[in-house]
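A.B. asks: take a look and give me a structure for this.
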Amino acid sequence: MFLSQLPGFGLRVRRRLAAHVLQLPDLLNLDSASHKAMGLPADACGALAAWRRDDAGHPALVALRAIESACERHGIGIVHWQSSAYPLPLRHIHNPPLLLYIRGDTSLLGRDQLAVIGSRHATRAGLDHARGFAAALGECNLLVSSGLALGIDGAAHAGALDAGHPTLAVIGSGLDKIYPRQHQRLGERVIANGLLVSEYPPGTQARPAHFPQRNRIISGLSRGVLVVEAGFKSGSLITARLASEQGRDVFAIPGSVHSPVARGCHQLIRQGATLVESVADILQELGGWWIEPATPGASLQSAATEGLDAREIAVLEALGYDSQSTDVLGSSTGLSADQLMQSLLLLELQGLATAAPGGYVRIA
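C.D. replies: Numbers count the residues shown, from 1 in each chain. So this is what the prediction gives:
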């Protein structure tokens, strides 16, 4: 937790440090000279020095103790980057959070998720779509995730909960400051029957800059993103773009050509998003990863490929037990970089492959 609060400890600094330390927590065991040699900002060096000498009066440690106390007071759990509970899909995005603050059922972090997002100024039809799709996706054992915002987000969460399914919400504030206030009761339902997630410590108020950051987590946790309604300047289009960059599938529901909240969806469809009229369209596009594992007695080869689509099987067959680079894998499979990374992630999630120095290896 302490490292997540270091001043000036952003993505660029963390990536530079990767060449010096095996794991970020190793920083805590190094001396001040080493920290300076690595080019850490002066404020970060000072905070790390205070940690080493256990200077309880240093502002960084005072803030840390306050966060720990607030987490205990509000029943907030913490999932660190090093934790086995940290969701694998999120590890592979650009700028993954160092830790997640959570309230609710932690096990849901590992569930297959589909994000359902859209306009805050949704139409009645859009709200009905969000509720209906969320309920149907839950029936297919997909965890519906969203951002707890007004409009489509809230309808998706409520639709899943009302149908008896859990849901996951990622918010842009501390978990003791549920935003928007109109969704305070909905947020409490999510905590009781699902999972509330944030990268911000308790006490953090919602700010405009937090929501694009929140969006990368929503898409990063999910196998795909369904946009129900969105205008041209909707934040949902940011989430859809992030999802595409992260190798996730993007789905969009078409609407009336006269509706301003349908134009964003139509734009996504023109850009290659899958046009969706029913949950079956989503399941077909996602492939066979939701199929139950092979039954006992099946051959090792069929057990390994059960539930994989043709693209993932091709990647698995191209993998060896020696590390292969993504360039080599891309050349041998003919897949684009996005398709290859998505297939590798799915193989990792199913325990069939893993990242290794120099690339990826097959483990099953």
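A.B. asks: pLDDT below threshold where in the stretch 51-200 of the chain?
C.D. replies: Within the stretch 51-200 of the chain, the ranges that satisfy pLDDT under 70 run 51-53.
A.B. asks: so where do the helices sit in it?
C.D. replies: All helices of the stretch 51-200 of the chain, identified by DSSP state H, counting those that start in this stretch, fall at 59-74, 88-91, 124-139, 152-162, 184-193.
A.B. asks: show me what the fourth one is packed up against.
C.D. replies: Read it as helix 152-162. Packed against helix 152-162 by the contact rule (3 or more Cβ pairs under 8 Å, 6 or more residues apart in numbering; DSSP states H and E) you find strand 113-117, helix 124-139, strand 143-146, strand 167-170, helix 184-193. For glycine as for every other residue, the C-beta is placed from the backbone atoms N, C-alpha and C.
A.B. asks: which one of these lies nearest to C45?
C.D. replies: Across those, C45 has its closest neighbour in strand 167-170 (32.2 Å, Cβ to Cβ).
A.B. asks: centre of the chain to that closest one, how far?
C.D. replies: Remark: strand 167-170 is offset 10 Å from the chain centroid, using Cα atoms, centre = their mean, to the nearest Å.
A.B. asks: so can I have CSV of the helices of the stretch 51-200 of the chain showing distance to A273 and mean neighbour count?
C.D. replies: Below are the helices of the stretch 51-200 of the chain laid out as CSV (distance: least, Cβ to Cβ, whole Å; neighbours: other Cβ atoms under 10 Å):
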stretch, distance to A273, mean neighbour count
helix 59-74, 38, 15
helix 88-91, 19, 18
helix 124-139, 15, 21
helix 152-162, 16, 26
helix 184-193, 27, 16
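A.B. asks: among those, which is nearest T326?
C.D. replies: helix 88-91 (15.9 Å).
A.B. asks: which elements pack onto that closest one?
C.D. replies: helix 210-221, helix 337-349.
A.B. asks: worst average pLDDT in the ones you listed?
C.D. replies: Mean pLDDT values for the helices and strands packed on helix 88-91 show the minimum at helix 337-349, a mean of 84.
A.B. asks: thinking again about what came up before, tabulate the helices of the stretch 51-200 of the chain (CSV), appending distance to S336.
C.D. replies: Listed next are the helices of the stretch 51-200 of the chain as CSV, based on distance: least, Cβ to Cβ, whole Å:
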stretch, distance to S336
helix 59-74, 42
helix 88-91, 19
helix 124-139, 27
helix 152-162, 30
helix 184-193, 36
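A.B. asks: quick one, which of those helices is nearest to G46?
C.D. replies: Per Cβ to Cβ, nearest to G46 of the helices of the stretch 51-200 of the chain: helix 59-74, 7.9 Å.
A.B. asks: packing partners of that closest one?
C.D. replies: helix 42-52.
A.B. asks: tell me the secondary structure for I238?
C.D. replies: helix (DSSP: H, G, I helix; E, B strand; the rest coil).
A.B. asks: just grab the bridge partners of the closest residue in space to G104 that isn't next to it in sequence for me.
C.D. replies: Nearest residue to G104, sequence neighbours excluded (Cβ to Cβ, 6 or more residues apart in numbering): L195, at 3.8 Å. Note on L195: beta-bridge partners by DSSP bridges are G104, L168.
A.B. asks: how many residues are close by L195?
C.D. replies: Applying other Cβ atoms under 10 Å, we find 24 residues neighbouring L195.
A.B. asks: what's the distance between it and A243?
C.D. replies: Per Cβ to Cβ, to the nearest Å, L195 is found 20 Å from A243.
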